[in-house]
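[1] Provided below for reference: sequence and predicted model.
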Number of protein chains: 2
Amino acid sequence: MEEKFNIVVGQSGGPTTVINASLYGVIRAAFENSDKIGKVYGMINGIEGFINGKFMDIREEMCDDEIELLKSTPSSYLGSCRYKLPDSMEDAMYRQIFEKFSKMNIKYFIYIGGNDSMDTVSKLAVYARCTNSDVKIIGVPKTIDNDLVLTDHSPGFGSAAKYVATTVRDIVMDASVYDTQSVTIIELMGRHAGWITASSILARKYEGDNPYLIYLPEVAFDVEAFVNKVSELLEHKKNIVVCVSEGIKDKDGTFICEYSGCAGVDTFGHKMLTGCGKYLENVIKEHLGVKVRSVELNVNQRCKAALASRVDVDEAVLAGRYGVNALLEGHTGSMVSFERKAGDEYGIECRLVDCEQVCNQEKIVPREWINEEGTDVLQGFVDYAKPLIVGESEQVVKDGLPVYVYRKEKKV
Amino acid sequence: MEEKFNIVVGQSGGPTTVINASLYGVIRAAFENSDKIGKVYGMINGIEGFINGKFMDIREEMCDDEIELLKSTPSSYLGSCRYKLPDSMEDAMYRQIFEKFSKMNIKYFIYIGGNDSMDTVSKLAVYARCTNSDVKIIGVPKTIDNDLVLTDHSPGFGSAAKYVATTVRDIVMDASVYDTQSVTIIELMGRHAGWITASSILARKYEGDNPYLIYLPEVAFDVEAFVNKVSELLEHKKNIVVCVSEGIKDKDGTFICEYSGCAGVDTFGHKMLTGCGKYLENVIKEHLGVKVRSVELNVNQRCKAALASRVDVDEAVLAGRYGVNALLEGHTGSMVSFERKAGDEYGIECRLVDCEQVCNQEKIVPREWINEEGTDVLQGFVDYAKPLIVGESEQVVKDGLPVYVYRKEKKV
């Protein structure tokens, strides 16, 4: 009989709608390989919690129904962290972590996360290599921002895009009921990359529909040009919906949202920092005197499980499964990545890419997918994003509300 | 053969997720009574548009598929208005309106809306009575705020409540991933009545779950007591989610959100008025130094069709149908109202109430459904609201996005 080793899985960085679906994939693949994998440990609050001795035994502590619910539960079931491992491989922390691995008979380490998490994967793999440890380390991509390089897209993005497209479509409907002119500014997530904001183009019901204007952080934002553009549109359109990324910057690199705090202080003398949407609302009110409001979609973009994309959920599961198989095949220091199949019908294939080339990089929306003025997104993006939002996720519903799986309440 | 008369239907006030479902009910009931009802006119932008000659012939201009889509389309298909008819019955406007009725052979007038719309219904009915006109006027209730009196609840509320309960549950999941203490403040709609905010109690997955604190406008809000309460909770809870109504006021009747503008001015010297959530975020940051954020659910509360309550949709259709039948039976000056059946199983019966007793009244959450401190909602409310959010609405989906029906783009 082959010797069995244990696996440990963790979730890291901001939660998404489908990061638990990847956890589900990891758990199922690990269970299916019970001839090679013994215990399946979950790090509580990622590598930071693991270092502090926080983990769970998934086979012992979760029943089958709970594991199934992971597929439709938003947020990070295991808890998350934002923790950067030391740069120096000489740091005692690495030794401690690998001693834990050894003590717990862990040979497989799988980490679901974004850029920073891939930095963790990369560093642990380097340390293993340097110390001839046979612990294998694999990363599974996760980010609503879709900014991971060397993969066609990342699990989490499709559901965020679907939520944004649906919600912007809803808001456009809502914004058009009165016989008076109005401007609605919708602020979307994406500090550096405009993928989420670009998805608002999918909200259009027909060519020339709202949102009329879409601004991404990839192109310098000019407040005056924006006001002129809206003013122009108001000459022949009734209700104008504008989508802006929270991360839009002017040509000097200053975030537009930073201007909101220039003069605004609350009763404590604190800067009242609002988003760029609120700021632009005031700008439009000041210059054009039209009815205007701003809406921030906020955290719903990463946790609205009822609007998860089926494609995204399935791919998230697949990425988790693929990661476990890669570990069993002896791969290490890699991230699971998606390659889009050629041809008209959408499909992906998983492969592995070097984590070191992924971490600390950022994939932005290609300039050729944005119009010259920087006020709209082009067909190239639509072709790219459209297949990622297809299909509804299966929700378990009781009394009209979604049923989620969660760990017991944490005490301080 | 009986003489046929025409019917005109309008939508008024803020849109809801199910106001089009009531329109659907009106249209279907009118079509089914084609022996008595001739043309089915829709006022474009409510009574205001109708006065200005804006209407459509629904049988001519909508196909059957489009009519079916009304059941799942948010916003007001016919457009809306916020328009108050003159107080004096001597005003020439009344004569003009009834001349239009006469010219268009309209005997049935049905208006879907909230408080202000019932004022319109009431006034038109009074005018008809005064002038011996045989035009019959009926109102169909619609409001996410649930503040209409003389009805158990109003169409629109159930879907808003379901959206809020689901979304607060999602945000609670999202807010609990890190191993650090945090406070999340969710600002919900309801300027004067706390029904929507109270619905956040349904988000709790178990007794003692988040949201730990719920503040309605029905009880005076004390900022200091709030800070103390949060501080107390932070002693033994990790992640605290607080739900506040946008309309919370202090004991002097000042809206809490008004304090946000006291010192905050933007670069134009304009007051940066934010909601009370943002203000309380700053208060908590100042006093407790804990990680805190605020989220405003905004217009999604009234337009998130994907999360519409099936019960609400069905009841909205029913109310529309009942209104048409009431007109045919010769009733006038009434609003369709819901009476909850006695017994354990939830059910309603429609009846008619006097519009004059409905308009300009406001139903607030009973004090006995709020705890003494004013920091939570009690079981009475849960029993009341729970049946209203049950069931999922049937959405028509294409390419992963909802398909809606809408009138052609309006030009200025």
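    Perfect, thanks for sending it.
[2] switch to C-alpha atoms for all contacts and neighbour counts from now on
    Noted.
[3] Low-confidence ranges, chain A, go.
    Scanning chain A with the threshold set as pLDDT under 70 gives A:1-2, A:261-273, A:409-412.
[4] How is it partitioned into domains?
    The record assigns chain A these domain ranges, following automatic domain parsing: A:5-156+A:305-360+A:391-402, A:161-302.
[5] Quote the end-to-end distance of the longest one.
    Using CA to CA, to the nearest Å, one end of domain A:5-156+A:305-360+A:391-402 lies 36 Å from the other.
[6] Does it reach chain B?
    Yes - applying CA under 8 Å from any CA of the partner chain, one finds domain A:5-156+A:305-360+A:391-402 touching chain B at A:15, A:45, A:74-81, A:305-307, A:309, A:391-392, A:399-402.
[7] Mean neighbour count added to the domains of chain A, as JSON lines?
    Below are the domains of chain A laid out as JSON lines (neighbours: other CA atoms under 10 Å in any protein chain shown):
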{"stretch": "domain A:5-156+A:305-360+A:391-402", "mean neighbour count": "21"}
{"stretch": "domain A:161-302", "mean neighbour count": "21"}
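[8] Show me the one of these that comes nearest residue B:338.
    Smallest distance to residue B:338 across these (CA to CA): 20.7 Å, for domain A:5-156+A:305-360+A:391-402.
[9] Which residue ranges of the stretch 1-150 of chain A form strands?
    For the stretch 1-150 of chain A, the strands defined by DSSP state E, counting those that start in this stretch occupy A:5-11, A:37-43, A:55-57, A:106-113, A:136-141.
[10] Turn the ones you listed into JSON lines, including distance to residue A:363.
    JSON lines is the format used below for the strands of the stretch 1-150 of chain A (distance: least, CA to CA, whole Å):
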{"stretch": "strand A:5-11", "distance to residue A:363": "21"}
{"stretch": "strand A:37-43", "distance to residue A:363": "28"}
{"stretch": "strand A:55-57", "distance to residue A:363": "33"}
{"stretch": "strand A:106-113", "distance to residue A:363": "15"}
{"stretch": "strand A:136-141", "distance to residue A:363": "13"}
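[11] Among these, which comes closest to residue A:385?
    Smallest distance to residue A:385 across the strands of the stretch 1-150 of chain A (CA to CA): 17.4 Å, for strand A:136-141.
[12] Which neighbouring elements make contact with the closest one?
    Applying 3 or more CA pairs under 8 Å, 6 or more residues apart in numbering or on different chains; DSSP states H and E, one finds that strand A:136-141 contacts strand A:106-113, helix A:115-130, helix A:310-328, strand A:334-340.
[13] pretty sure residue A:240 is in a strand, no?
    Yes - assessed with DSSP: H, G, I helix; E, B strand; the rest coil, residue A:240 lies in a strand.
[14] pretty sure it contacts residue A:210?
    Yes - using CA atoms under 8 Å, residue A:240 is in contact with residue A:210, at 6.8 Å.
[15] Report the central residue of chain A.
    residue A:144 (1.8 Å; CA atoms, centre = their mean).
[16] Nearest residue to that residue in space, ignoring adjacent ones along the chain?
    Leaving aside its sequence neighbours, residue A:144 sits nearest to residue A:157 (CA to CA, 6 or more residues apart in numbering or on different chains; 4.2 Å).
[17] what's around the one you found, how many residues?
    Per other CA atoms under 10 Å in any protein chain shown, the neighbour tally for residue A:157 reads 30.
[18] Who are the contact partners of it?
    By CA atoms under 8 Å, 6 or more residues apart in numbering or on different chains, the contact set of residue A:157 is A:143-146, A:196, A:312.
[19] and it, how far is that from chain B?
    Residue A:157 sits 14 Å away from chain B, going by CA to the nearest CA, to the nearest Å.
[20] Quick check on that residue: phi, psi?
    phi -70, psi -50 (degrees, to the nearest 10).
[21] Show me where chain A has its helices.
    A:19-32, A:46-51, A:58-61, A:64-69, A:92-103, A:115-130, A:157-174, A:195-198, A:223-234, A:276-288, A:310-328, A:379-385 (DSSP state H).
[22] ok, now which ones touch the closest residue to residue A:16 other than its chain neighbours?
    For residue A:16, ignoring the flanking residues on the chain, the nearest one in space by CA to CA, 6+ apart is residue A:302 at 4.6 Å. By CA under 8 Å, 6+ apart, the residues touching residue A:302 are A:15-17, A:74, A:144, A:156, A:159-160.
[23] can we see that at 10 Å?
    Contacts for residue A:302 (CA atoms under 10 Å, 6 or more residues apart in numbering or on different chains) come out as A:14-19, A:74-75, A:143-145, A:156-157, A:159-161, A:163-164, A:189, A:308, B:170-171, B:174.
[24] And for residue A:304?
    Contacts for residue A:304 (CA under 10 Å, 6+ apart) come out as A:16-18, A:73-75, A:159-160, A:162-163, B:166-167, B:169-171, B:174.
[25] circling back to that earlier point, tabulate the domains of chain A (CSV), appending distance to residue B:373.
    Formatted as CSV, these follow (distance: least, CA to CA, whole Å):
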stretch, distance to residue B:373
domain A:5-156+A:305-360+A:391-402, 28
domain A:161-302, 26
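[26] closest to residue B:87 out of those domains?
    domain A:161-302 (23.0 Å).
[27] Span of that closest one from start to end?
    End-to-end for domain A:161-302, by CA to CA: 10 Å.
[28] Equivalent analysis for stretch A:46-63, please.
    22 Å.
[29] which residues are in contact with it?
    With CA under 10 Å, 6+ apart, stretch A:46-63 has contacts from A:8-13, A:27, A:31, A:38-45, A:67, A:76, A:78-85, A:93-94, A:96-97, A:100, A:111-113, A:117, A:120, A:405, A:407, B:178-179.
[30] Quick check: the closest residue to residue A:336 other than its chain neighbours vs residue A:181, distance?
    Spatially, and ignoring its direct neighbours in sequence, residue A:336 is nearest to residue A:352 (4.8 Å; CA to CA, 6+ apart). Here the criterion is CA to CA. By it, residue A:352 lies 52 Å from residue A:181.
[31] related to what we said a few turns ago, save the helices of chain A as TSV, and put in distance to residue B:365 too.
    Output for the helices of chain A, formatted as TSV (distance: least, CA to CA, whole Å):
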stretch	distance to residue B:365
helix A:19-32	38
helix A:46-51	43
helix A:58-61	42
helix A:64-69	35
helix A:92-103	55
helix A:115-130	47
helix A:157-174	27
helix A:195-198	39
helix A:223-234	41
helix A:276-288	31
helix A:310-328	39
helix A:379-385	45
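[32] Relative to residue A:297, which of the ones you listed is closest?
    Of all the helices of chain A, helix A:157-174 sits nearest to residue A:297, with 8.0 Å by CA to CA.
[33] tell me the angle that closest one makes with helix A:310-328.
    Angle, helix A:157-174 to helix A:310-328, by axes from the mean of the first three to the mean of the last three CA atoms, to 10 degrees: 170 degrees.
[34] What is the distance between helix A:157-174 and the centre of its chain?
    Distance, stretch centre to chain centre, for helix A:157-174: 15 Å (CA atoms, centre = their mean, to the nearest Å).
[35] try stretch A:120-130
    The answer for stretch A:120-130 is 24 Å, by CA atoms, centre = their mean.
[36] Same question for stretch A:192-209.
    From the chain centre to the centre of stretch A:192-209 is a distance of 17 Å (CA atoms, centre = their mean).
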